[in-house]
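> task: produce atomic coordinates for the following.
(chains A and B)
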Number of protein chains: 2
Amino acid sequence: MPPEIEPITDLSRIAIHTITTKRLLIETCFKRYAEMGFGGISVWDDGVDSAGAARVRKLVDKSGLRVPALVRGGFFVSADHAKRAAAQDLNRKRIEQARGIGAEMIVIVAGAEPGVPHAAARGQVERGVAGLLPEAERAGVKLAIEPLHPMYAADRCCINRLAEARALCDSLASPMLGVAVDVYHTWWDPDLESEIKTLGSQNRLFAFHVCDWKTDTRHLLLDRGLMGEGVIDLRGFRAMMERAGFDGMIEVEVFNEDYWALDPDAYLELIRDRVFACV
Amino acid sequence: MPPEIEPITDLSRIAIHTITTKRLLIETCFKRYAEMGFGGISVWDDGVDSAGAARVRKLVDKSGLRVPALVRGGFFVSADHAKRAAAQDLNRKRIEQARGIGAEMIVIVAGAEPGVPHAAARGQVERGVAGLLPEAERAGVKLAIEPLHPMYAADRCCINRLAEARALCDSLASPMLGVAVDVYHTWWDPDLESEIKTLGSQNRLFAFHVCDWKTDTRHLLLDRGLMGEGVIDLRGFRAMMERAGFDGMIEVEVFNEDYWALDPDAYLELIRDRVFACV
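Take a look at the predicted model:
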């Protein structure tokens, strides 16, 4: 068993992904998260696209919230060259937006497309990330590769384990390139602890996303669990991250239609209570 | 790209899992599969339990079908000692049944239980398999560890990649212990080809199960694709298996409520056509 760590007792290290409270306007997200005492906000792309980076930057400054991430970039994979070029343009725009709003990193979802074999897809991802790194470095925006659960390998993400994300980082060696570790995607991996340890020693643990894996998952995408209602040992997971040197924000990212239907204030209170109890 | 291999043009190497035509009685499965020209049948546990091993043996002898597998044993994992002991008793019964009906192997699903950490679960699996091997060896029944997709890691199977199944085989070294490779569970793994090659060199490629992975999967368990309606390069997969030395039966195993609702004869014809076209 991992050594005990102290429960979390204040929200200064906790950030909420705006997708978690999908019904709230971006302005309301900033206001409510800050009022509740959360220390950070990770802004999804739709929020920046609709409000504009300058407006979001004002919200950031006024709220005092830290912005670990703009979510998300990537989606490099396609059999169609024009689509790959369009993805690259969009990624450049995301870097500019991240710089504009003061986000520390962009979460990168590699992409996948039925019909593009995985080996070819991974090559497209590597070339895509390589092409963005110079601009990310100039902008001072980190890129965090997020491995997605293997159940998304067909059509969302061809990087499915921490080991694969680390191999990509090894290949492209840049201090601005690292990994986003999401408990939902990675908890099942027997190499989890050793991978986290290695990534920590390389200063590549850029992000830590929490939610939970429910045994009665009814939908591959929109039925994530809230912390404490699934099987993941979240406190043990945090202990692994912290032993490996991670001291960044803990980001709550839950896609779930049932929770989206709740009153957002009550939901945020529930999130706070679950962070204290489980993470 | 893998070298081209010839399409399959007769059904002598094709076996059907009885779960695939779940509505049919076991007697009807034997009759229809043989009439259609399929060379084999893999019998699910409910069929043997209801008809009895002696009766199934008569069906085997009369039909002339080969029986690659009794499906399934395992499910070793529980926090409750009494449940683990009961699983072991059931597994012994399955070995006896397999011997009785002339099945070449038992497909082993390791098991998993919420609340049992994965490291502990894998220890229970190793002890469970170790305890069965002497009886399997005496009975001349092979045990085939089937890694299940990581989306089943919480509650069905804590062995989720070929590498993990191979590690278990390495640890327990027996010529009667090997691996069942199911395209559904393993297709996404970047180590797929190298693992299959290694397993082949060790004579551990005991089984090859085919179906398909659909991008619009609506249910984690009961929405498997029929060959050709998903993303898996099945012919390329078969080429990998055969390059690694596999020359056993190709087993069709599809759990899908929509297909279960079809007329079973029409469904078996569709399976035949998809085997010829896609595998």
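
> ok, the helix or strand bottoming out on mean pLDDT in chain A near chain B or not?
Scoring the helices and strands of chain A by mean pLDDT, DSSP states H and E places helix A:257-260 at the bottom, with a mean of 92. No. For helix A:257-260, no contact with chain B is found by C-beta under 8 Å from any C-beta of the partner chain; the gap never falls below 14.5 Å. (Glycine included, C-beta is placed from N, CA and C.)

> kindly export that helix (C-alpha atoms) in CSV.
Only the C-alpha atoms of helix A:257-260 are listed here, as CSV (Å, rounded to 0.1, in the frame of the first residue of the first chain):
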residue,chain,number,x,y,z
GLU,A,257,-25.1,14.0,-18.7
ASP,A,258,-26.6,13.2,-15.4
TYR,A,259,-24.4,15.7,-13.6
TRP,A,260,-24.8,18.3,-16.3
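
> buried ones in that helix, by neighbour count?
A:Tyr259, A:Trp260 (16 or more other C-beta atoms under 10 Å in any protein chain shown).

> and what of stretch A:176-192?
Result for stretch A:176-192 [16+ other C-beta under 10 Å]: buried residues A:176-190, A:192.

> if we take these, which one ends up nearest to B:Thr198?
A:Pro190 (17.5 Å; C-beta to C-beta).

> now do the contacts for that closest one.
By C-beta atoms under 8 Å, 6 or more residues apart in numbering or on different chains, the contact list for A:Pro190 reads B:His118, B:Ala119, B:Arg122, B:Glu164.

> do that again at 7 Å, thanks
B:His118, B:Glu164 (C-beta atoms under 7 Å, 6 or more residues apart in numbering or on different chains).

> just for chain A, where's the confidence low?
Filtered on pLDDT under 70, chain A yields the residue ranges A:1-3.

> for it, which segments count as helices?
For chain A, the helices defined by DSSP state H occupy A:26-36, A:45-51, A:53-63, A:81-101, A:118-139, A:162-172, A:183-186, A:192-201, A:234-243, A:257-260, A:264-278.

> can you list the residues of chain A near chain B?
A:114, A:117-118, A:149-151, A:153-155, A:160, A:164, A:188, A:190, A:213, A:215, A:217, A:220, A:231, A:233 (C-beta under 7 Å from any C-beta of the partner chain).

> what's the closest of the buried residues of stretch A:176-192 to chain B?
Closest approach to chain B among the buried residues of stretch A:176-192 (C-beta to the nearest C-beta): A:Trp188, at 3.6 Å.

> which ones are touching the closest residue to the closest one other than its chain neighbours?
Leaving aside its chain neighbours, A:Trp188 sits nearest to B:Ala153 (3.6 Å; criterion: C-beta to C-beta, 6 or more residues apart in numbering or on different chains). Taking C-beta under 7 Å, 6+ apart, we find B:Ala153 in contact with A:Trp188, B:Ala112, B:Asn160.

> can I get these in JSON lines with distance to B:Leu270?
Listed next are those as JSON lines, based on distance: C-beta to C-beta, whole Å:
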{"residue": "A:Trp188", "distance to B:Leu270": "34"}
{"residue": "B:Ala112", "distance to B:Leu270": "33"}
{"residue": "B:Asn160", "distance to B:Leu270": "30"}
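
> closest one to B:Leu65 out of those, please.
For those, the nearest to B:Leu65 is B:Asn160 (31.4 Å; C-beta to C-beta).

> who's in contact with that closest one?
Contacts of B:Asn160 by C-beta under 7 Å, 6+ apart are A:Trp188, B:Pro147, B:Leu148, B:His149, B:Pro150, B:Ala153.

> just the closest of the residues you listed to B:Asp247, please.
B:Pro147 (21.3 Å).

> could you check how many residues crowd around that closest one?
27 (other C-beta atoms under 10 Å in any protein chain shown).

> does it touch B:Ala163 like I think?
No. B:Pro147 lies out of contact with B:Ala163 (C-beta atoms under 7 Å); the separation is 8.5 Å.

> before we move on, the earlier item: nearest to B:Asp273, of the buried residues of stretch A:176-192?
A:Trp188 (35.9 Å).

> look up how far B:His118 lies from the closest one.
According to C-beta to C-beta, to the nearest Å, A:Trp188 and B:His118 sit 7 Å apart.

> cool, and A:Ala86?
Distance from A:Ala86 to B:His118, by C-beta to C-beta: 41 Å.

> quick one, what contacts A:Trp257?
Heads up, residue A:257 is Glu, not Trp. A:Leu222.

> re the thing from before, farthest-separated two in the contacts of B:Asn160?
A:Trp188 and B:Pro147 (11.6 Å).

> sorry, back to before: ok, so of the contacts of B:Asn160, who is nearest B:Asp170?
Nearest member of those to B:Asp170, counting by C-beta to C-beta, is B:Pro147, at 14.3 Å.
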